[in-house]
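*Asks:* Here's a sequence, model it:
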Amino acid sequence: MPLNRNVAVIVGSLRKDSFNRKLAHALAGLAPDNLQFDFVEIGGLPLYNPDLEENSTPPEPWRQFRAQISAIDAVLFVTPEYNRSIPASLKNALDVGSRPMGASVWSGKPCAIVSSSPGGIGGFGANQHLRQPLVFLNMPAMQQPEAYIGGVGKLLDADGRITDASTRQFLGHFMSAFAAWIERNTA
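*Replies:* Next up, the predicted model:
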């Protein structure tokens, strides 16, 4: 029987009513029971600037964020695509968690990426671009199945439930694969 695992959910969109936030909640509802989800907010993180770490006193939001990520077993990234890349808030969160040098809170944490977009390509650029820093951060990113959810606005109802049966089935399979990925990649 798999162990209970704590998963941080990081949503790349800061908009309160974003499609990606709704999708992230739907994904949590489709996951196996042994996964518990903690939605970690990134919108209040000051931009990473090494000068703010002088005298070992980083800003309080950075300390809280680093503590939250340190305490979890895995990370689920759910993100839109901005200009064929990831949102600045998501890149900033990666940077904040990776410092100070040698003290990254990301290292070794298995992760998975779901990107979505109202457009047809489902955030492919963001999904692929996010994988690049994850390699450097030593985060084993699940390779298959990949999840690029196009037309997301038509797949969610007003309450954020997935209305399309085949999408719900695919994402349920994705979350089961993620649970297995976590088990294979957790020390």
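
*Asks:* Could you pull out the helices in this structure for me?
*Replies:* Along the chain, counting by DSSP state H, helices occupy 19-30, 60-70, 88-98, 124-136, 165-184.

*Asks:* quick one: average pLDDT of stretch 157-172?
*Replies:* Stretch 157-172 shows a mean pLDDT of 94.

*Asks:* and it, how far apart are its ends?
*Replies:* 17 Å (CA to CA, to the nearest Å).

*Asks:* buried sites along it?
*Replies:* Neighbour-count burial for stretch 157-172, counted by 16 or more other CB atoms under 10 Å, picks out 162, 167, 168, 170, 171, 172. Every residue, glycine included, has its C-beta placed from N, CA and C.

*Asks:* go on, stretch 19-33?
*Replies:* Here stretch 19-33 shows 19, 20, 21, 22, 23, 24, 25, 26, 27, 28, 30, 31 as buried, counting by 16+ other CB under 10 Å.

*Asks:* Identify the bridge partners of the closest residue in space to residue 26 that isn't next to it in sequence.
*Replies:* Once flanking residues are discounted, residue 26 sits nearest to residue 162: 5.1 Å by CB to CB, 6 or more residues apart in numbering. Beta-bridge pairing for residue 162 (DSSP bridges): residue 156.

*Asks:* got a list of what residue 162 touches?
*Replies:* 23, 26, 30, 155, 156, 168, 171 (CB atoms under 8 Å, 6 or more residues apart in numbering).

*Asks:* Just list the residues touching the residue nearest the centre of the chain, thanks.
*Replies:* Nearest to the mean C-alpha position of the chain, counting by CA atoms, centre = their mean, stands residue 77 at 1.4 Å. When contacts are counted by CB under 8 Å, 6+ apart, residue 77 touches 10, 12, 90, 111, 112, 113, 114, 130.

*Asks:* Once you drop chain neighbours, what's closest to residue 107?
*Replies:* residue 138 (4.4 Å).
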